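>>> What follows is a predicted structure for the sequence shown.
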Amino acid sequence: MTAIKHALQRDIFTPNDERLLGIVNVCKAGKKKKNCFLCATVTTERPVQVKVVKVKKSDKGDFYKRQQTWELRDLTVVDAKDASKENPEFDLHFEKVYKWLASSTAEKNSFISCIWKLNQRYLRKKLEFVNVSSQLLEESVPSGESQSVAGGDEDALEEYQELSAREEQDIEGMMEMCEYAVSNAEAFAEKLFKELQVLDGANIQSIMASEKQVNILMKLLDDALAEVDTIEGKLSSYEEMLQSVKDQMDQISQSNRLIQISSTNNGKLLDEIQFLVNYMDLSKGHIRALQEGDLTSPRGIEACISASEALLQCMNVALRPGHDQLAAVTQQQKLFSELRDTFARRLTNHLNNVFVHQGHDQSSTLSQNSAELTLPKHSPLHRDLLRYAKLMEWLKNTQREKYEGLSRTYVDYMNRLYEREIKDFFEVAKIKMAGTSKEAKGKFATLPRKESALKQETESLHGSSGKLTGSTSSLNKLTVQGSNSRRSQSSSLLDMGNMSASDLDVADRTKFDKIFEQVLSELEPLCLAEQDFISKFFKLQQHQTVLPPLAQPETEETDGSIPSRMPPQADHRHSLSSEKDMVRLMMNKIFQSIEPELNSLIALGDKIDSFHSLYMLVKMSHHVWTAENVDPASFLSTTLGNVLVTVKRNFDKCISGQIKQMEEVKISKKSKVGILPFVTRFEEFPELAETIFRNAERRGDLDKAYVKLIRAVFMNVEKVANESQKTPRDVVMMENFHHIFSTLSRLKISCLDTERREAKHKYTDHLQSYVINSLGQPLEKLNHFFEGVESRVALGVREEEVSYHLAFNKQELRKVIKEYPGKEVKKGLDNLYKKVDKHLCEEESLLQVVWHSMQDEFIRQYKHFEGLIGRCYPGSGITMEFTIQDILEYFSSIAQSH
């Protein structure tokens, strides 16, 4: 059976990667016996598949073939038929029941036991074993193992090893040498066992024969062990010697490490000492300069600057951890603090004395320079003080309170100095504006330095200057309640009760313009120089966010009348974030008198002549534009911008005053009107303004003023024409609009092109109207007759049938024509000429123009009458008693006779 099992494994299952674990020789029960084999196999690859394979021997040869295969998991019942008796029959229940008859009961039991093991090992399903002895199933589980048979089965299955090819050849050779190897396997096995025993005995005898050699070998081993002991003894002595050397080397290494640590510590200590000596030591020369250095000589100042910088460097050195606990460091720091305080006190006292001396010493007025109208120059003072700029920077970084105190002192004393100089400067300017010194004294008798009547008047007129805006309407809203009293007090070029344009000399206006320009030209470099000095001396170029108290804004009134525009200090501390703002606030404090003095000067110029506002607007606009290009937020730009608001307001009042004077014009009822006064004065205004505003930045303001004035002129001309009793309305309109048209055409002002065309249109219309109305009187009856003829025609009467109407027959026509012979016509025209001459004024010289227009209109009417006679009275032979040539001679002779 073993040989068959081996052959089946080799031929059928090995090629399919399967192992044969159980086999039984069977045939189907109840049929003709055809032997076959049922084999229990497992696959060598995982997952393991357990199968039951039916194998039969081929009829044509000695090889086997697979006939049918079942999966063990499909097996449900194994029936052994009888558990108590030996019975080779058994049933396997797959999809149907298969009945088998084994060749022996032992093979059947071995196969059923293999099936049970495989089920327990791989499937563990509830496979029912019927009529199977429990002893058979228990024997399949080895004693000493647990209830689970998985481990035992695995060992049993793993014990099987496939024979190699040589082993197969040896077994086949032994089986061929023994005739009963296949038929009587037990005898063959007994034979093999006996031969094995013979071989074991021969081996034992061979081993006993080599005992002598073993003894020799043992002796050699003993000698070797003794030699090993000797070597181990020597190695132990060597090890003791090396241990001693190691201890000595460890001591040397420890000593070297301590020496190295000590050397490192000494180097670090030397570095610390050198650091403190280099950065915490101040030379005796520097100490002497700080304590008693000369702050007046250039060499002494340079020494103090070097010493202060060295002191600041020593005080600002970044100490390393632990330095502050050293007594020497603490002592040096204390020394530095004392030197700092001492030098700061000396520097502060010295600069305070310089500021006070300058504030009191430079007390000269402008009386010496009254002819030149110049402000004193402070460049020598600035040059001397700039030597201390670096010391001021040192003071700012070390003693902030003293720095701020010096700043306040400088601002206070310079404020006094500049206020005195500026007031004197403006007094001289006002005297020069008013004329001679003697006349100025009379004019300025009521103008003390502080709280003067003129200043009060200026403030009542203008108030405190606000921010500059470009809108004329918004500026007009700034006019305050005192404008009426101001207008009544101040005289204008166009004031009919005061001096007129002809009364003022152009040289006076030019003189005023030069004085005003000189004032601005002197103030501008003064402010710029002072601002530049403050930035350099107080080191305010760099952007910082600290607001020094020296720039405290004032909320109280300046000179008792003009309140400051600055908000409270707390608001500034939050709103100002750069040192440019600090410079501007210091400038506001120092030059707080400039703006009120400028306003006072402007009020005086406006009072002398309201046309001065044109000069001042141009000059002030130019200086504001120049200052804003340099720095829009500077003190000079802000101050001039505020004053410009006042000037613009005066300019608007000048225009409004002229418009009011137009409205207040009264004409005589007894004399002819002629060219109205405000029309003549309007001609003077553009001529002067165009000269002043040539290439000016504020041209837009002048154009708006032009439009306002011309509109007011148009409106008031019509108003006067409507009110005129002596002169016909058409004559007033014709003459004045002709004058306006001529003026605008000559001046060529682009913004007034529309008004120029409108003036021409009005002049033409009223000329035509006057001519038509006047010509209706010399031929009055003839006019009425032909008007009746035209009315009949208009009612539908045919033109040739008009002569059949009683009132318009040929006899009536001849009667009317006879009333106007040539002599009478000429007489009527002569009377008309005299009347026109009486209506028209001589200034405009429109008599000939009007007379020529009347000639044209008369001829037109004559032709019209002739046409009506030809159409309505055809073939009647009726004609006028004078011809067109007669008309031309009448008009020409009348014009020449007068």
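Noted; the coordinates are in hand. Numbers count the residues shown, from 1 in each chain.
>>> Can you identify each of the strands in the stretch 151-300 of the chain by residue range?
With DSSP state E, counting those that start in this stretch, there are no strands along the stretch 151-300 of the chain.
>>> show me where pLDDT drops low in it?
Along the stretch 151-300 of the chain, the model assigns pLDDT under 70 to residues 151-163.
>>> now with 50?
151-159 (pLDDT under 50).
>>> longest helix of the protein?
Counting by DSSP state H, the longest helix found in the chain is helix 211-279.
>>> What sits closest to Q358 if chain neighbours are left out?
L381 (5.7 Å; Cβ to Cβ, 6 or more residues apart in numbering). Every C-beta, even on glycine, is put in place using the N, C-alpha and C of the backbone.
>>> Was I right to think the one you found contacts H357?
No: if you go by Cβ atoms under 8 Å, L381 and H357 don't touch, sitting 10.0 Å apart.
>>> which one of these two has more residues nearby?
More crowded of L381 and H357, by other Cβ atoms under 10 Å: L381, with 19 against 12.
>>> For the more buried one, give me the pLDDT.
Predicted confidence (pLDDT) for L381: 87.
>>> what mean pLDDT would you report for stretch 116-125?
On average, stretch 116-125 scores 84.
>>> how long is that stretch from one end to the other?
10 Å (Cα to Cα, to the nearest Å).
>>> unless I'm mixing things up, V707 is touching C751, no?
Yes: using Cβ under 8 Å, V707 makes contact with C751 at a distance of 6.7 Å.
>>> out of all of them, which strand in the chain is the longest?
Using DSSP state E, we find that the single longest strand of the chain is strand 18-28.
>>> So what are the sheet partners of that strand and their directions?
Using DSSP bridges, the strands paired with strand 18-28 are strand 36-43 (antiparallel), strand 97-102 (antiparallel).
>>> Now the first one: average pLDDT?
Per-residue pLDDT values over strand 36-43 give a mean of 92.
>>> and that strand, C-alpha only, in PDB?
Only the C-alpha atoms of strand 36-43 are listed here, as PDB (Å, rounded to 0.1, in the frame of the first residue of the first chain):
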ATOM      1  CA  CYS A  36     -10.500   2.300  -7.000                       C
ATOM      2  CA  PHE A  37      -8.900   4.400  -4.300                       C
ATOM      3  CA  LEU A  38     -10.400   7.200  -2.200                       C
ATOM      4  CA  CYS A  39      -7.700   9.700  -1.300                       C
ATOM      5  CA  ALA A  40      -7.800  12.500   1.300                       C
ATOM      6  CA  THR A  41      -5.600  15.500   0.100                       C
ATOM      7  CA  VAL A  42      -4.700  19.000   1.100                       C
ATOM      8  CA  THR A  43      -3.200  21.800  -1.100                       C
END
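>>> Which helix or strand lies directly C-terminal to it?
strand 50-57 (DSSP states H and E).
>>> Give the pairing partners of that following strand; include direction for each.
Short version: by DSSP bridges, strand 50-57 pairs with strand 36-43 (antiparallel), strand 64-71 (antiparallel).
>>> So what's the gap between that strand and the chain middle?
92 Å (Cα atoms, centre = their mean, to the nearest Å).
>>> Need the mean per-residue confidence for it.
On average, strand 50-57 scores 90.
>>> The spatially closest residue to F426 that is not a sequence neighbour: neighbour count?
Closest residue in space to F426, ignoring its immediate chain neighbours: E597 at 4.4 Å, by Cβ to Cβ, 6+ apart. Neighbour count for E597, taken as other Cβ under 10 Å: 23.
>>> Okay, now the unreliable bits of the stretch 401-550 of the chain?
For the stretch 401-550 of the chain (pLDDT under 50), the answer is 436-504, 542-550.
>>> and E755, what does it touch?
E755 makes contact with V707, I710, R711, F714, I740, L744, according to Cβ atoms under 8 Å, 6 or more residues apart in numbering.
>>> Export those to JSON lines and append columns for distance to L235, secondary structure and neighbour count.
Shown next, in JSON lines, are these (distance: Cβ to Cβ, whole Å; DSSP: H, G, I helix; E, B strand; the rest coil; neighbours: other Cβ atoms under 10 Å):
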{"residue": "V707", "distance to L235": "127", "secondary structure": "helix", "neighbour count": "14"}
{"residue": "I710", "distance to L235": "133", "secondary structure": "helix", "neighbour count": "23"}
{"residue": "R711", "distance to L235": "132", "secondary structure": "helix", "neighbour count": "12"}
{"residue": "F714", "distance to L235": "137", "secondary structure": "helix", "neighbour count": "17"}
{"residue": "I740", "distance to L235": "139", "secondary structure": "helix", "neighbour count": "27"}
{"residue": "L744", "distance to L235": "135", "secondary structure": "helix", "neighbour count": "23"}
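>>> any idea which element the residue nearest to F426 lies in?
helix 594-608.
>>> what packs against that helix?
Packing contacts for helix 594-608, counted by 3 or more Cβ pairs under 8 Å, 6 or more residues apart in numbering; DSSP states H and E, involve helix 400-434, helix 453-462, helix 506-537, strand 562-563, helix 612-630, helix 635-663.
>>> Could you break the protein into its assigned domains?
1-136, 368-435+505-541+580-657, 704-776, 780-896 (the TED database).
>>> so for the third one, what's the average pLDDT?
Averaging pLDDT along domain 704-776 yields 84.
>>> Could you do stretch 343-359 as well?
Rounded mean pLDDT across stretch 343-359 is 88.
>>> Give me whichever of the helices and strands packed on helix 594-608 is most buried.
helix 635-663 (a mean of 23; mean count of other Cβ atoms under 10 Å).
>>> For the next helix-or-strand element following that helix, list every residue counted as buried.
Next helix or strand after helix 635-663 toward the C-terminus (DSSP H and E): helix 677-692. By 16 or more other Cβ atoms under 10 Å, the buried positions in helix 677-692 come out as F678, V679, T680, R681, F682, E683, E684, F685, P686, L688, A689, I692.
>>> just the angle between helix 677-692 and helix 635-663, please?
160 degrees (axes from the mean of the first three to the mean of the last three Cα atoms, to 10 degrees).
>>> for helix 677-692, packing partners?
Counting by 3+ Cβ pairs under 8 Å, 6+ apart, helix 677-692 packs on helix 612-630, helix 635-663, helix 699-723, helix 729-747.
>>> For K5, which of those is the nearest?
Comparing these by their distance to K5 (Cβ to Cβ), the top pick is helix 612-630, with 119.1 Å.
>>> can I get the CA coordinates of the closest one in PDB?
What follows is helix 612-630, C-alpha atoms only, in PDB (Å, rounded to 0.1, in the frame of the first residue of the first chain):
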ATOM      1  CA  HIS A 612      -5.900 147.400  -3.300                       C
ATOM      2  CA  SER A 613      -7.600 144.000  -2.700                       C
ATOM      3  CA  LEU A 614      -6.800 143.100  -6.300                       C
ATOM      4  CA  TYR A 615      -3.100 143.800  -5.800                       C
ATOM      5  CA  MET A 616      -3.200 141.900  -2.400                       C
ATOM      6  CA  LEU A 617      -5.000 138.900  -3.800                       C
ATOM      7  CA  VAL A 618      -2.500 138.500  -6.600                       C
ATOM      8  CA  LYS A 619       0.600 138.900  -4.400                       C
ATOM      9  CA  MET A 620      -0.800 136.800  -1.500                       C
ATOM     10  CA  SER A 621      -1.900 134.000  -3.900                       C
ATOM     11  CA  HIS A 622       1.600 133.900  -5.500                       C
ATOM     12  CA  HIS A 623       3.300 133.600  -2.100                       C
ATOM     13  CA  VAL A 624       0.900 131.000  -0.900                       C
ATOM     14  CA  TRP A 625       1.400 129.000  -4.000                       C
ATOM     15  CA  THR A 626       5.200 129.200  -3.600                       C
ATOM     16  CA  ALA A 627       5.100 128.200   0.100                       C
ATOM     17  CA  GLU A 628       2.800 125.200  -0.600                       C
ATOM     18  CA  ASN A 629       5.100 124.000  -3.300                       C
ATOM     19  CA  VAL A 630       7.900 123.900  -0.700                       C
END
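>>> Thanks a lot, catch you later.
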